[in-house]
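Colleague: Sequence and predicted structure below; questions after.
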Amino acid sequence: IATLYDRLLAGGLDRSGTVLALGGGVTGDMAGFAAASYMRGVRFVQIPTTLLAMVDASVGGKTGVDLPQGKNLVGAFKQPALVIVDPGVLETLPAEEVRSGMSEAIKHGIIGAPDLFAELESPQPGSRFPMSVSQLTRALELKIQTVEGDPFEQGRRAVLNLGHTVAHALERLSDYGLRHGEAVAIGMVAAARISAELGRAEPSLPGRIEAALAAWGLPVRCPPFGVGSIWEAMAHDKKRRGRSQRWILPHAIGHVEITDAVPRQVVASVLTGMGARSKE
């Protein structure tokens, strides 16, 4: 970020200028935070080039950078003046980045677009893009509508964090070697299993979500980190409230709840069942 400030100054950017982010989610987050804070704010334009950035990171106005202690702990809300989505750039996107983006698209289906989820449960072979333009649009609309109702994440917008409570901890413990979408996939399976364990979801729901993610080649098992280490990493997450973790638990496809009433022993049991180590 400091390097970006130096380049903006060297280029003579003033308060009438625009910072344009061309790239994936990390590029957008960094450029957006720089735009939000440089000279107390300049215009910002997003041109996402990854599927994950198209369906999620480029819209919503959340920007941030990581600290060694956790994910996106420094940031600002900065709504872009314009977002340009060109699906044509996905033709050169590596397969692993396509999978990562599909995780967030499937997440949107679970949150509030059951028809979209049903379409994405089984990948269509031979298609030019991983998602049709219609599917991409619907995933974007879900995100946009949720953000417009709660732009600063004071309430309902938190549902967009489905899977992220565990995901951010796993990203940190992997030293960010685990892709965001991969971590979110594991986190969504954990959330679904916790929901079923607490009796808030049908027993079949975790399996359905897990199968949809696995169909796209996404991981559904937890890396062998210690449960205690995962819990400690979650304690540094910005979504917590006091000493409580905030969880997004799916009740059914298209219906999720926000809660902090998840006992630690249930989390530990679920994560252990998914592959985490019970002992450090």
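Modeller: Received it, and whenever you're ready, just let me know what you need.
Colleague: who touches stretch 211-223?
Modeller: 95, 99-100, 102-103, 106, 117, 120-123, 166, 170, 173-174, 178, 181-182, 185-186, 188-190, 210, 230, 271, 274-276 (Cβ atoms under 8 Å, 6 or more residues apart in numbering). No exception for glycine: its C-beta is placed from N, CA and C like everyone else's.
Colleague: List buried residues within those.
Modeller: Those of these that meet the buried threshold are 99-100, 102-103, 106, 117, 120-121, 166, 170, 173, 178, 181-182, 185-186, 188-190, 210, 230, 271, 274, 276, by 16 or more other Cβ atoms under 10 Å.
Colleague: number of nearby residues for Asp175?
Modeller: By the criterion of other Cβ atoms under 10 Å, Asp175 has 8 neighbours.
Colleague: Could you grab the helix/strand/coil label for it?
Modeller: coil (DSSP: H, G, I helix; E, B strand; the rest coil).
Colleague: Could you report the separation of it from Thr146?
Modeller: 31 Å (Cβ to Cβ, to the nearest Å).
Colleague: Check Gly75 too.
Modeller: Relative to Thr146, and taking Cβ to Cβ, Gly75 is found at 18 Å.
Colleague: Please enumerate the strands of the stretch 1-150 of the chain.
Modeller: 18-23, 43-48, 62-67, 70-77, 82-83 (DSSP state E, counting those that start in this stretch).
Colleague: Check these for me and report the most buried one.
Modeller: Ranked by mean neighbour count under mean count of other Cβ atoms under 10 Å, these are led by strand 43-48, which reaches a mean of 22.
Colleague: got the angle for that one vs strand 62-67?
Modeller: 80 degrees (axes from the mean of the first three to the mean of the last three Cα atoms, to 10 degrees).
Colleague: re earlier: Throw the strands of the stretch 1-150 of the chain into JSON lines and include distance to Arg138 and mean pLDDT, thanks.
Modeller: Shown next, in JSON lines, are the strands of the stretch 1-150 of the chain (distance: least, Cβ to Cβ, whole Å; pLDDT from 0 to 100):
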{"stretch": "strand 18-23", "distance to Arg138": "24", "mean pLDDT": "98"}
{"stretch": "strand 43-48", "distance to Arg138": "17", "mean pLDDT": "98"}
{"stretch": "strand 62-67", "distance to Arg138": "21", "mean pLDDT": "89"}
{"stretch": "strand 70-77", "distance to Arg138": "25", "mean pLDDT": "88"}
{"stretch": "strand 82-83", "distance to Arg138": "16", "mean pLDDT": "97"}
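Colleague: Dump the ones you listed into a markdown table; add distance to Arg156 as well.
Modeller: What follows is the strands of the stretch 1-150 of the chain, written out as a markdown table (distance: least, Cβ to Cβ, whole Å):
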| stretch | distance to Arg156 |
| --- | --- |
| strand 18-23 | 27 |
| strand 43-48 | 23 |
| strand 62-67 | 15 |
| strand 70-77 | 16 |
| strand 82-83 | 21 |
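Colleague: Quick one: closest of those to Glu91.
Modeller: Closest approach to Glu91 among these is made by strand 43-48 (14.6 Å; Cβ to Cβ).
Colleague: quick one: strands adjacent to that closest one?
Modeller: strand 18-23 (parallel), strand 82-83 (parallel) (DSSP bridges).
Colleague: any chance of the ones you listed in CSV, plus distance to Ala35?
Modeller: Shown next, in CSV, are the strands paired with strand 43-48 (distance: least, Cβ to Cβ, whole Å):
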stretch, distance to Ala35
strand 18-23, 4
strand 82-83, 12
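Colleague: Out of those, which is closest to Arg157?
Modeller: So among those, strand 82-83 is nearest, using Cβ to Cβ, at 17.3 Å.
Colleague: From the rest of the structure, what touches that closest one?
Modeller: By Cβ under 8 Å, 6+ apart, the list of residues contacting strand 82-83 reads 45-48, 58-59.
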